[in-house]
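Novice: Need a 3D model of the sequence below.
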Amino acid sequence: MDSQHRPSPDSEQQKTSRKHRRGISGIGWAVIGAVFFGSLLAIGILPRLSQKSELQAAVKEASTVPSVNVIVPRRATGATKLELPGSVVAQNQTTIYARSTGYLRRWYADIGDRVQAGQLLAEIDSPDTDQQVLQAKAEVVQAQANVSQTRANLAKSISDLKQARANLLIARQSWQRWQVLVKEGAVPQQDADTKYATYQANLASVEAAQNTVNSDSANIKAAQANAYASQANFQRNTVLQSYKKVTAPFAGVITARNVNTGVLISAGNGNTSSSTSNTNTSNSSLYTIAAYDNLKVNVSVPQSLSQSLQTGQTAQITVKELPQRVFTGKVVRTSNAIDPTTRTLLTQLEVHNSDATLRPGMYANVRFAINRANPPFVVPDSALVVNAGGTQVATVTKDHTVHYQKVAVGRDYGTEIEITSGLTGNESLIATPTVDETEGLRVQPVAKTK
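Specialist: Coordinates of the predicted model:
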């Protein structure tokens, strides 16, 4: 039995050989599997490693390039409201001066009084002017009498000239007759010579009479000229005498009175007494009067908007003291010149003020409605940089570098400012530039969200 159950040597070798072949086959398959799975891993991992490397490079680069918030300038609306400060002035305002020298007899109007054109405001007692009028009147009478006397003399001279001419005619005819008689021998030559002498004497008398007429004619012209001068002097003094009554040149309100009763006043520039003081002061004006029915409002319009205003354009005018009232003004004229100091255009509006609600000297707000054909751009005030180079904005170019662009500013809205020139609208502006964003710096733009 032992021999039956003992394995044979051949069978043991076969078993060992089979085991060896199975081991070699398993290792091959393991190697193949390892290669296969390694290939799969390489296909999946290598791209990821490459992407990771690129990402790490990008992160490294991003960490060295600063990011900036950028905005795009927006276009302002064409229709806009322009509100400017204005000053209310009288349509017609003047100071009244004395034209006659004397003492103030009485005044009739005080500050705040409404007066009409030609209304009596004050009277001046001027005895010197009265005497000058009387003297001028006497000179006129004397000059007129001189003209009458000269005319009478001229009339007598003309009569004498006529008589001399008649005598000359008779003497000439007698001399001519005696010449005929002398030729006939009827009379002696001596008698003819006597007639000739008489003729010559009458001829001289005519010439003398003619000279007298010419002289009297010249005298009458001089007398008439003297009369005209006397009359003109009389009229002048009469007008000066009328200045004793000071009247209002136009309808308005008395805004100042600088006279008191009894004060000595000189024509043009005299000593007057202030209505609020008992001491005499040197003041050439008696009253100040202003017309209130129509007022003017002076406004200084910025140069950038000066072309938008037209004559005849209306505006709303308000004053702080009258919050419930809105007045309508109309542009009547401009100075047509920009003030080089303020770069503004002086504009004048006319306002009807029949109820005298507005007063000259008031501060007013004037609001215009303007339609701009080419409205400017608007940017936040934080985007502006003001330095030695002027007013600038920091832009980000297409290659992501910083460039400072010079601009001109317009209206200031507080948080936003108009840009009138220097931008095209396609720029990327750094919202809040700092000193770190220098010219040519490479940056990473990031669109700023509202």
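Novice: hey, what's Pro302 bridged with?
Specialist: Going by DSSP bridges, Pro302 is paired in beta bridges with Thr344.
Novice: Correct me if wrong: it contacts Thr347.
Specialist: No: here Pro302 does not reach Thr347: they are 10.8 Å apart, not a contact under Cβ atoms under 8 Å. Where you see a C-beta, it was placed from the backbone N, CA and C, and this is true even at glycine.
Novice: Now the common contact residues for these two.
Specialist: Common contacts of Pro302 and Thr347 (Cβ atoms under 8 Å, 6 or more residues apart in numbering): none found.
Novice: Please say which of these two ends up with more neighbours.
Specialist: Remark: of Pro302 and Thr347, Thr347 carries more neighbours, 24 against 16, as counted by other Cβ atoms under 10 Å.
Novice: where's that one, which helix or strand?
Specialist: When secondary structure is defined by DSSP states H and E, Thr347 falls within strand 344-352.
Novice: Work out the sheet partners of the host helix or strand of Val366 and label each with its direction, please.
Specialist: Under the criterion DSSP H and E, the helix or strand holding Val366 is strand 363-371. Paired strands of strand 363-371, with direction, are strand 79-97 (antiparallel), strand 314-319 (antiparallel) (DSSP bridges).
Novice: Export these to a markdown table and append columns for mean pLDDT.
Specialist: What follows is the strands paired with strand 363-371, written out as a markdown table (pLDDT from 0 to 100):
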| stretch | mean pLDDT |
| --- | --- |
| strand 79-97 | 87 |
| strand 314-319 | 92 |
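Novice: right, so of those, which gets closest to Ala290?
Specialist: Comparing these by their distance to Ala290 (Cβ to Cβ), the top pick is strand 79-97, with 3.8 Å.
Novice: what's the burial count for Val206?
Specialist: Here the number of neighbours of Val206 (other Cβ under 10 Å) works out to 19.
Novice: these two touch, right, it and Leu168?
Specialist: Yes: A contact is recorded between Val206 and Leu168 when judged using Cβ under 8 Å, the distance being 5.0 Å.
Novice: Show the residue spans covered by the helices in this protein.
Specialist: Secondary structure of the chain (DSSP state H): helices located at 2-5, 9-64, 127-184, 189-242.
Novice: Compare these and say which comes out lowest on pLDDT.
Specialist: Averaging pLDDT over each of the helices of the chain singles out helix 2-5 as the lowest, with a mean of 45.
Novice: ok, Val297 touching Val88?
Specialist: Yes: with the criterion set as Cβ under 8 Å, Val297 and Val88 qualify as a contacting pair; they are 5.6 Å apart.
Novice: Between the two, which contacts overlap?
Specialist: Residues within reach of Val297 and of Val88 at once, by Cβ under 8 Å, 6+ apart, are 351, 364.
Novice: before we move on, the earlier item: quick check: mean pLDDT across the strand holding Val366?
Specialist: Strand 363-371 carries an average pLDDT of 89.
Novice: Put the alpha carbons of it into CSV.
Specialist: In CSV, the C-alpha atoms belonging to strand 363-371 read as follows (Å, rounded to 0.1, in the frame of the first residue of the first chain):
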residue,chain,number,x,y,z
TYR,A,363,-29.5,137.9,-4.4
ALA,A,364,-31.4,135.6,-6.8
ASN,A,365,-31.2,132.1,-8.2
VAL,A,366,-31.6,131.9,-12.0
ARG,A,367,-32.5,128.5,-13.5
PHE,A,368,-32.1,128.0,-17.3
ALA,A,369,-33.3,125.0,-19.3
ILE,A,370,-30.6,124.3,-21.8
ASN,A,371,-30.5,121.8,-24.7
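Novice: relative to strand 344-352, how tilted is it?
Specialist: Orientation check (axes from the mean of the first three to the mean of the last three Cα atoms, to 10 degrees): strand 363-371 against strand 344-352 gives 100 degrees.
Novice: Sort out which residues of strand 363-371 are buried, please.
Specialist: Neighbour counts over strand 363-371 (16 or more other Cβ atoms under 10 Å) mark 364-366, 368, 370 as buried.
Novice: what does stretch 94-103 give?
Specialist: For stretch 94-103, the neighbour count (16+ other Cβ under 10 Å) marks 96-102 as buried.
Novice: Nearest to Ala356 among the residues you listed?
Specialist: Closest approach between the buried residues of stretch 94-103 and Ala356, by Cβ to Cβ: Ile96, at 20.1 Å.
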